[in-house]
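S.K.: what's the 3D shape of this:
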Amino acid sequence: MKVIIVGAGIYGLSTAVQLVLRGHEVEIIDRGAIPNALASSFDYHRLIRHAYGPQTGYASLIPDSFKAWERLWQLLGESFYIETGALALGKKNDPWISLSRSSLVKMQIDCEDWNADQAGVRVPWLRVGSNEDLLFCASGGILRSSLLLLAMSDFLRSKGVIFHENVTIDQMDASDGLVVDQSKNRYGGDHVVSALGAGHGILFRGEIRPFRQVYALYEGVGGLATVESGCPMILDISEGAGFYYVPGSKHFPAKIGDHISRLEGLPYGSRKVQEEEISHLLGVIHSRVGRPEGPSNRDNGASFVASEPTLGKPSSYGLCFYESTADHVIQLQTSGRCTRVFGGSGHGFKFGALFGESIAEFISGDRSFGSAQKVVQGQGMP
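M.R.: So this is what the prediction gives:
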């Protein structure tokens, strides 16, 4: 079978790898180079974590996702995963924390409730309120996404997969398994997979909402803010807050962003970070990053200073585009000879290997569409 894949992010490349392993002929089309440095998937790091709050279905997929990544590491001959553990924090009695704890216990995944003093040992620079709950899970960490996409692209090239780079698709014909680019060139196959990421809404209007995600990078962080020092990734799930921290390393910068701040914008528009976006992000950073002038990082009257003494000033600011459905449920749809996966930016990268396997199994006739769709929508492994 010949399969045309449109979009060379994590879903497109993962699906391509699995189709090649099953003996299919594959061609990949992307509007940029492959891999595309402007894709939502292309970054120093993406995260994988067990805690998922009320989205217990996606939480239940994480162990299977780890197994799928291990199968991919074996194939590529290299692991692109760094375990850091994950620390989630929120207001006391926040249901997100309690639901995450319950799902972790149910899956027999070790987790610990921390207080601010315990956090102060591992992350003394993190400002923690006395009215907050903290949940730590030792499993979870960083997927080195850009290096992974490069390795997958190299693997596919070695298998003879044809890459059509810098090609913008204008039309998809599900009934004929046909796509047409802006120059009216036609690409036909037995099946088409649409994995357009943040660009999905340009061809399929109204199905997703693209938004701008601004972040700060910190080169050369030290102390207890690094992977090597045992610093975990940190996620603030308090209502109205969205601070997250990815620890830095001698191999890559640390990152801070706001996972709640979602400003709509066209994914192929300007990548210039606006002053108001920087100002907002600095407010988020200074709300969590500081050094207490006392022995504890508990918010009990101790004075905190701004972020410069602990992480230094941001080395640079960046911007990427994500896409999400209204309910944050990733979608898999099929019609005729076309299968579309969309709505995964922001939290879907961690499932890339697993979803690639499921989609390829469906196209190959080894899994029903309903079964593959349940996996992608976070309803568990059938």
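
S.K.: Show the low-confidence segments of the stretch 251-382 of the chain, by residue range.
M.R.: 261-262, 291-310 (pLDDT under 70).

S.K.: Where do the strands of it begin and end?
M.R.: 254-258, 263-264, 316-324, 331-335, 338-342 (DSSP state E, counting those that start in this stretch).

S.K.: Test my guess that residue 156 contacts residue 25.
M.R.: No: contact criterion Cβ atoms under 8 Å: residue 156 and residue 25 do not qualify, at 11.9 Å. (C-beta placed from N, C-alpha, C; glycine too.)

S.K.: picking up where we left off before, list just the one of the strands of the stretch 251-382 of the chain that sits closest to residue 185.
M.R.: Evaluated with Cβ to Cβ, the strands of the stretch 251-382 of the chain place strand 338-342 nearest to residue 185, the distance being 17.9 Å.

S.K.: now that closest one against strand 316-324, angle please.
M.R.: 130 degrees (axes from the mean of the first three to the mean of the last three Cα atoms, to 10 degrees).

S.K.: what's the closest non-adjacent residue to residue 28?
M.R.: Once flanking residues are discounted, residue 28 sits nearest to residue 5: 4.8 Å by Cβ to Cβ, 6 or more residues apart in numbering.

S.K.: Run through the residues that contact that neighbour.
M.R.: Counting by Cβ atoms under 8 Å, 6 or more residues apart in numbering, residue 5 touches 12, 15-16, 26-29, 192-193, 195.

S.K.: Please identify which of those is nearest to residue 38.
M.R.: residue 12 (14.2 Å).

S.K.: hang on, isn't the closest one packed against residue 200?
M.R.: No: between residue 12 and residue 200 there is no contact under Cβ under 8 Å: 11.6 Å.

S.K.: Take the strands of the stretch 251-382 of the chain and write them to TSV, including mean neighbour count and distance to residue 246.
M.R.: As requested, these are exported to TSV (neighbours: other Cβ atoms under 10 Å; distance: least, Cβ to Cβ, whole Å):
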stretch	mean neighbour count	distance to residue 246
strand 254-258	22	4
strand 263-264	11	21
strand 316-324	19	12
strand 331-335	17	27
strand 338-342	25	25
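
S.K.: got those as TSV, with distance to residue 65 columns?
M.R.: Formatted as TSV, these follow (distance: least, Cβ to Cβ, whole Å):
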stretch	distance to residue 65
strand 254-258	21
strand 263-264	29
strand 316-324	19
strand 331-335	16
strand 338-342	15
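
S.K.: which ones are touching residue 235?
M.R.: Contacts of residue 235 by Cβ under 8 Å, 6+ apart are 49, 51, 86-89, 243-244, 259.

S.K.: helix or strand for it, which one?
M.R.: strand 233-236 (DSSP states H and E).
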